[in-house]
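> Got a sequence here, can you build the structure:
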Amino acid sequence: MSHVYYKFFSKLNYAAVTFSGLHISLHDLKSRIMGQEKLKVTSCALQVTNAQSREEYTDDNALIPKNSSVIVRRIPPRGVLSANKPYAISQTVPVSGTSSGSQTKPTADLAGANAPEEDKIKAMMIQSCRYYDPAK
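I've put the predicted structure just below:
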């Protein structure tokens, strides 16, 4: 049995993926890592880099030799930040009786919203305090 040793960028210890043969494709390696770590394909994608040469593997058909060490990073899945996503953070509606004078429309996924970081932070602060509004 052959092994490829991997570790996440934020962790200290390596884990191993076991396979038969001299090489494993990048696609198969990512699938096995996702399975071992119990990661969902819809929640993140993996970026794999050679631990010695710091070369990033980009082609899913790339062959990684046995006994190699790689560093893995979780990245957002492709296509999450599309330009046609609704931008609901900046939509404000004046509401009488509130302390701020305006109310931001709630957004279920602030992290994935297509908005500047400052607007996301403001929306998060407003949405987190809405439950404790003294006017209610």
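> is Val4 in a bridge, and if so with what?
Beta bridges link Val4 to Val17 when assigned by DSSP bridges.
> My read is that it contacts Leu22, right?
No: in this structure Val4 lies outside contact range of Leu22 using CB atoms under 8 Å: 11.3 Å. The way it works is simple: take the backbone N, C-alpha and C, and place the C-beta from them, glycine included.
> Identify the contacts common to the two.
Taking CB atoms under 8 Å, 6 or more residues apart in numbering as the contact rule, Val4 and Leu22 both touch Lys66.
> Looking at these two, which is more packed in?
The neighbour count for Val4 versus Leu22, taken as other CB atoms under 10 Å, is higher for Val4 (24 against 10).
> what about Thr49, distance to Thr42?
Using CB to CB, to the nearest Å, Thr49 is found at 23 Å from Thr42.
> Pick out whichever of the two has more residues nearby.
Neighbour count, other CB under 10 Å: between Thr49 and Thr42, Thr49 has more, with 15 against 8.
> In this structure the more buried one contacts Ile71, no?
Yes: in this structure, Thr49 is within contact of Ile71 by CB under 8 Å, at 4.8 Å.
> shared neighbours of the two, anything?
Common neighbours of Thr49 and Ile71, counting by CB under 8 Å, 6+ apart, are absent.
> quick one: Ala51 from Lys7, how far?
Taken as CB to CB, the span from Ala51 to Lys7 is 8 Å.
> overlap in contacts of the two?
Shared contacts of Ala51 and Lys7, defined by CB under 8 Å, 6+ apart, are found at 69, 71.
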